[in-house]
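1. Mind looking at a prediction? Sequence and model below.
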Amino acid sequence: MTCVTNKKCYETKEIAEEALVQNRTRNHHSPNNGPINVYQCHECGNYHFTSKGPSSDILNSDEVKHKIEIGKEASYWEDKYRRR
């Protein structure tokens, strides 16, 4: 589905939050940069990322913070291996 905002659409909040965690893992955003939460769009009814407002509760959980750090390390080593 497409939205007039041209943002990527997620059908549910849960799917959007999982994608947010994946995004934070893959893209190595600094703590004050990049998407930090999801919201339901009043234009299309789907969910999108936002970099404004408070950080998502899911990103603040210790379990998810650990998952992101492990994922970042794995991504670092994958990238390093591919460059050989």
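-> Thanks, I have the structure now. The structure displayed is predicted, hence computed values, not measured ones. Numbering: from 1, shown residues only.
2. what comes up buried for stretch 45-62?
-> Neighbour counts using 16 or more other C-beta atoms under 10 Å place 46, 47, 48, 49, 56, 58, 59 of stretch 45-62 among the buried residues. Any C-beta I mention is one placed from the backbone N, CA and C, and that applies to glycine too.
3. which SSE is the residue most central in space within the chain in?
-> For the chain, the residue nearest the mean C-alpha position is residue 20 (1.9 Å; C-alpha atoms, centre = their mean). Using DSSP states H and E, residue 20 sits in helix 13-27.
4. what helices or strands is the next helix or strand after that helix leaning on?
-> Toward the C-terminal end, the helix or strand that comes next after helix 13-27 (DSSP H and E) is strand 37-40. Applying 3 or more C-beta pairs under 8 Å, 6 or more residues apart in numbering; DSSP states H and E, one finds that strand 37-40 contacts helix 13-27, strand 47-50.
5. so where is this structure shaky, pLDDT-wise?
-> Flagging of the chain using pLDDT under 70 yields the residue ranges 1.
6. Apply 80 and report the result again.
-> 1, 28, 31-32, 84 (pLDDT under 80).
7. Buried residues, the lengthiest helix in it. List them.
-> Longest helix of the chain, by residue count under DSSP state H: helix 62-82. Across helix 62-82, burial judged by 16+ other C-beta under 10 Å covers 64, 68, 71, 72.
8. That's all I had, so thanks and see you.
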